[in-house]
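Chemist: mind folding the following:
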Amino acid sequence: RGDVVRARVLVNCAGLQCDEVARLTGDEPDVRIVPFRGEYYELARPELVRGLVYPVPDPAFPFLGVHLTKGIDGGVHIGPNAVPALAREGYGWGVVRPRELARTLGWPGAWRLARQHWRYGAGELRRSVSKAAFTEAVRRLLPGVAEDDLVPAAAGVRAQAVLRDGTLVDDFLIREGARAVHVLNAPSPAATASLPIGREVARRALEVLASAR
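Modeler: Numbering: from 1, shown residues only. Next comes the predicted model:
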């Protein structure tokens with residue numbers, strides 16, 4: 001509505017838009033958010049899984065790959081894969097925002113990332129368009145699952161920070177500006193809810209506040 005909110009310090013936890021918000025404050029974060037969509041299925045036979053079923057992480061790539069997560073309601077989510085989204089809030093292949101896509105493609109790190117991990121990316125795209133391929137990946141962890149056991153579920157979009165050299169930031173990235181603290185990468189929903197990380201952001205914000213007086 002055109003309202004103006006004034007503050008001595010801004011804490012920027014804007015997720016998919018955090019790099020844009022940082023630039024609006026006059027700070028240059030030197031990273032870009034490259035959105036990756038994670039597509040999920042629900043398991044129609046949740047009794048097949050009694051806990052969390054995760055693959056061994058590949059340290060060369062920050063995405064974990066397909067895994068099975070049992071929720072507190074007893075349901076089981078399967079996924080996600082990781083495919084480039086065509087918009088910052090591109091929760092499906094049909095969501096395309098040319099301006100946002102052009103900003104992603106204009107970042108040198110996005111091209112370097114693609115050249116480095118194109119084989120991995122091709123597998124992710126295959127699992128995105130083929131339920132059979134997705135099921136094949138799940139069977140490596142849960143051999144008894146059938147394609148009919150996978151029920152489509154809502155997708156999410158990961159706000160992945162990518163450096164200019166194509167490096168995927170795989171840890172929290174927090175930077176300070178003259179009057180702002182920018183959280184530029186938050187790699188895990190569980191870590192996002194971490195109280196120690198919240199205290200670290202608050203500590204930095206108080207330091208900026210003290211220097212801004």
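Chemist: name the SS class of the most centrally placed residue in the chain, please.
Modeler: Nearest residue to the geometric centre of the chain (Cα atoms, centre = their mean): Arg158, 2.0 Å. Put simply, Arg158 is strand when judged by DSSP: H, G, I helix; E, B strand; the rest coil.
Chemist: got the contact list for it?
Modeler: When contacts are counted by Cβ atoms under 8 Å, 6 or more residues apart in numbering, Arg158 touches 35-38, 82. In this view, the C-beta of every residue, glycine as well, is placed from N, C-alpha and C.
Chemist: hey, where'd the strands end up in this protein?
Modeler: 10-12, 31-38, 41-43, 67-70, 76-79, 83-84, 150-152, 156-163, 173-176, 180-185 (DSSP state E).
Chemist: switch those strands over to CSV; also include mean pLDDT and distance to Arg119.
Modeler: Compiled in CSV, those are given as follows (pLDDT from 0 to 100; distance: least, Cβ to Cβ, whole Å):
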stretch, mean pLDDT, distance to Arg119
strand 10-12, 96, 35
strand 31-38, 95, 16
strand 41-43, 97, 24
strand 67-70, 93, 20
strand 76-79, 94, 20
strand 83-84, 93, 14
strand 150-152, 97, 24
strand 156-163, 93, 18
strand 173-176, 93, 26
strand 180-185, 95, 24
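Chemist: what's the closest of those strands to Gly94?
Modeler: Distance to Gly94, taken as Cβ to Cβ, is lowest for strand 31-38 among the strands of the chain, at 11.6 Å.
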